[in-house]
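In: below are the sequence and a predicted model; questions follow.
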Amino acid sequence: MRVARLDVEAVRGDIADQPEVDAVVNAANAHLLPGGGVAGAIHRAAGPGLAEECRPLAPIAPGEAVITGAHDLPNRFVVHVLGPVYGEDRPEAELLASCYRRALALADGRGCVSLASPAVSTGIFGYPLDEAARVALDAVAEEAPALENLRLVRFVLFTERELAVFQEELSRRSR
């Protein structure tokens, strides 16, 4: 899908192994600590320096984002976002969209040309995948005209089901 000057794609893969992008999004916890899922994978790949850099930036609230160096990751930056817990953090869609908008703005502000993101909040935070894909792609489409540097947003999905849902949503928008 192309929006303004921005290409948007979905691939299956490991968010911690995206060497050709400038920045990756970490689906973080409020304290920006290593954990399970995406946060665990990113922190393991980045090494202990990432947690050290994150410490003074925490805590963050749902919908917020902060940016750090990428340390041992093959990227320049990591954008840490705290997605909403579905059914608890309200309004969920607004908070989830804020994660993506802020991630795009932070990466763009640092001169990044490309950004890779997982499907934020769809794991343990319980956000329904179909709805999360719509919110994510709406947020990217809304923010795209304001971006000065970003030219590629890649959604990196861990499972075939996640990939299929995002590809279907991208296809629907390209018709």
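Out: Good, I have the coordinates.
In: quick check: Gly40 vs Pro91, distance?
Out: 28 Å (CB to CB, to the nearest Å). C-beta here means a position set from N, CA and C on the backbone, and glycine is covered the same way.
In: the more surrounded of those two?
Out: Neighbour count, other CB atoms under 10 Å: between Gly40 and Pro91, Gly40 has more, with 13 against 10.
In: how about the nearest residue to that one, chain neighbours excluded?
Out: Excluding the flanking residues, the one nearest Gly40 by CB to CB, 6 or more residues apart in numbering is Pro34, at 5.8 Å.
In: number of nearby residues for the one you found?
Out: 18.
In: who's in contact with it?
Out: By CB atoms under 8 Å, 6 or more residues apart in numbering, the contact set of Pro34 is 40, 43-44, 51.
In: just the buried residues of those.
Out: 43, 51 (16 or more other CB atoms under 10 Å).
In: kindly indicate which of the contacts of Pro34 lies nearest Leu115.
Out: Ranked by distance to Leu115 (CB to CB), these are led by His43 at 18.7 Å.
In: so the residue nearest to Gly40 lies in a strand, does it not?
Out: No - applying DSSP: H, G, I helix; E, B strand; the rest coil, one finds Pro34 to be coil, outside a strand.
In: from Ala4, how far out is it?
Out: Taking CB to CB, one finds Pro34 at 36 Å from Ala4.
In: cool, Pro19 as well?
Out: Distance from Pro19 to Ala4, by CB to CB: 26 Å.
In: count the neighbours of Glu88 for me.
Out: The burial count for Glu88: 10, using other CB under 10 Å.
In: with Glu53 instead?
Out: Neighbour tally, Glu53, other CB under 10 Å: 17.
In: Phe77 versus that one, what's the distance?
Out: 11 Å.
In: overlap in contacts, those two.
Out: 68-69.
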